[in-house]
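> Fold the following and give me the result.
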Amino acid sequence: MNENYPTRDWKVLYCKSAKVWTIVPNTLKKLIWQNIRWKKSFIRSLFFTGTFYWRKKVIPATRYYLGALFVLLGPFIALRHLIYLPLRGNILAGFYYLGGILIIGALYGFMYKLDNPKSDLWMYRPLMSIFSTLVLSWLIFYSAFTIKNMVWHR
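Numbering: from 1, shown residues only. This next block holds a predicted model:
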């Protein structure tokens, strides 16, 4: 902890042929707990990387901080478009919002299909985008409130 390591400018490369194996959650409960772990890790790493990312070049730093901001504000954006605006009379706001989420999910799915032409899993990506927006994004609050609880659920 007291060691002062020198700053290094690491070179990170993308390797399309890299393979990884993992245990995929096979129940909704396990998927929820996995996402809670990931969101706790996101919060912890945000406090670490956020302290030095501002020293990077403008474009990567802006992309980093905007990405973090969108993760934190995502549930509020969904709440605004799906509940607040329709209650204020803008009924179409929720449909437009969900339509946009489906389109973005479809684009991700098509990109997956281009890289994996034999797979039919691409068609589930729009639904995963909706599920992520409506359910998983809200776990950031639970994760933040229980961040000191280090229980590993399986």
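> Look at the residue most central in space within the chain and report its pLDDT.
Taking CA atoms, centre = their mean, the centroid of the chain lies closest to Val71, which sits 6.3 Å from it. pLDDT for Val71: 91.
> Please apply the same query to the one 10 residues further on.
Predicted confidence (pLDDT) at His81: the value is 96.
> Identify the residues contacting it.
His81 is in contact with Ala93, Gly94, Tyr96, Tyr97, counting by CB atoms under 8 Å, 6 or more residues apart in numbering. Backbone N, C-alpha and C define where each C-beta goes, glycine included.
> cool, and Tyr124?
Tyr124 touches Gly109, counting by CB under 8 Å, 6+ apart.
> If you drop the residues flanking it in sequence, what lies closest to Phe110?
With sequence-adjacent residues excluded and distances taken as CB to CB, 6 or more residues apart in numbering, Phe110 is closest to Trp122, at 6.7 Å.
> Hmm, the one you found is touching Gly105, no?
No - between Trp122 and Gly105 there is no contact under CB atoms under 8 Å: 10.0 Å.
> now for the longest helix belonging to the chain, which elements pack on it?
In the chain, assigned by DSSP state H, the helix with the most residues is helix 92-115. When contacts are defined as 3 or more CB pairs under 8 Å, 6 or more residues apart in numbering; DSSP states H and E, helix 92-115 sits against helix 85-87, helix 125-134.
> Can you list the buried residues in it?
Using 16 or more other CB atoms under 10 Å as the test for burial, helix 92-115 gives Ala93, Gly94, Tyr97, Leu98, Ile101, Leu102, Gly105, Gly109, Lys113.
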